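Peer 1: Sequence and computational prediction follow.
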Amino acid sequence: MSSYKDLLVYQRAFVFVSLVYRLIKHFPSEERYALISQFTRAAVSVIANIAEGQAKPTKKDFLKFLYISSGSLNECECYIDLALELGYITKEQHTYIDEKRREVGYLLSKLIKSMQ
C-alpha cells in the first residue's frame, strides 16, 4: 500500500472529521475553548493516527496507532451525545453523524483484526 490515503478507513474517517467541523460551526461561541476544542482535537486525532501509524515500520507499531485512533473515535461519541443533550445539534444531525462515526469504527475494528 503506497499511502494512508488509499485506506478506506482513512477516507471515511476524513469525511467524518469534515462533518464534525461543519457541525461545530453552529455551536455557541462560549464552547470555543471547551467542547469545540475537545471535539475537533479528538476528531482530527482519528485521521492523524491512521496516517502516522501507516508510516510506521512494523505492524505492531501501526496497530498501536490504530488503537489510539479508535479511542479518539470513542471520545467523539461522547461529544456527539453531549451536543445532542445540550441542544447544540438536532436528533437528525446526531443520528447522521453517529452513523458515520460507527462506520469508521467498524472499518477500524476490521483493519485491526486483519492485522492481528
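Peer 2: Nice, I can see it. Residues are numbered from 1 along each chain as shown.

Peer 1: low pLDDT regions in the chain?
Peer 2: For the chain, residues meeting the criterion pLDDT under 70 lie at 1.

Peer 1: Which helix runs longest in it?
Peer 2: Assignment by DSSP state H gives helix 59-85 as the longest helix of the chain.

Peer 1: could you say what helices and strands it packs with?
Peer 2: For helix 59-85, the elements it packs on are helix 8-24, helix 35-54, helix 91-115, judged by 3 or more C-beta pairs under 8 Å, 6 or more residues apart in numbering; DSSP states H and E. To be clear about C-beta, it is placed using only N, CA and C from the backbone, and glycine gets the same treatment.

Peer 1: who wins for proximity to S70 among those helices?
Peer 2: S70 sits nearest to helix 91-115 of all the helices and strands packed on helix 59-85, at 5.1 Å, using C-beta to C-beta.

Peer 1: Which positions within that closest one qualify as buried?
Peer 2: Neighbour-count burial for helix 91-115, counted by 16 or more other C-beta atoms under 10 Å, picks out Q93, H94, I97, K100, R101, E103, V104, G105, L107, L108, L111, I112.

Peer 1: wait, the last one sits on S70?
Peer 2: This points to I112. Yes - judged on C-beta atoms under 8 Å, I112 makes contact with S70 at a distance of 7.2 Å.

Peer 1: What is the burial count for S3?
Peer 2: When neighbours are defined as other C-beta atoms under 10 Å, S3 has 10 of them.

Peer 1: quick one, what contacts it?
Peer 2: S3 sits next to Q54 when contact means C-beta atoms under 8 Å, 6 or more residues apart in numbering.

Peer 1: Now it: phi and psi?
Peer 2: Dihedral pair for S3: phi -150, psi 150, per degrees, to the nearest 10.

Peer 1: Same question for H26.
Peer 2: When quoted as degrees, to the nearest 10, the phi and psi of H26 stand at phi -100, psi 0.

Peer 1: quick revisit: relative to N74, which of the helices and strands packed on helix 59-85 is closest?
Peer 2: N74 lies closest to helix 91-115 among the helices and strands packed on helix 59-85, at 7.8 Å (C-beta to C-beta).

Peer 1: now that closest one: how far from the chain's centre is it?
Peer 2: On the basis of C-alpha atoms, centre = their mean, to the nearest Å, helix 91-115 is displaced by 8 Å from the centre of the chain it belongs to.
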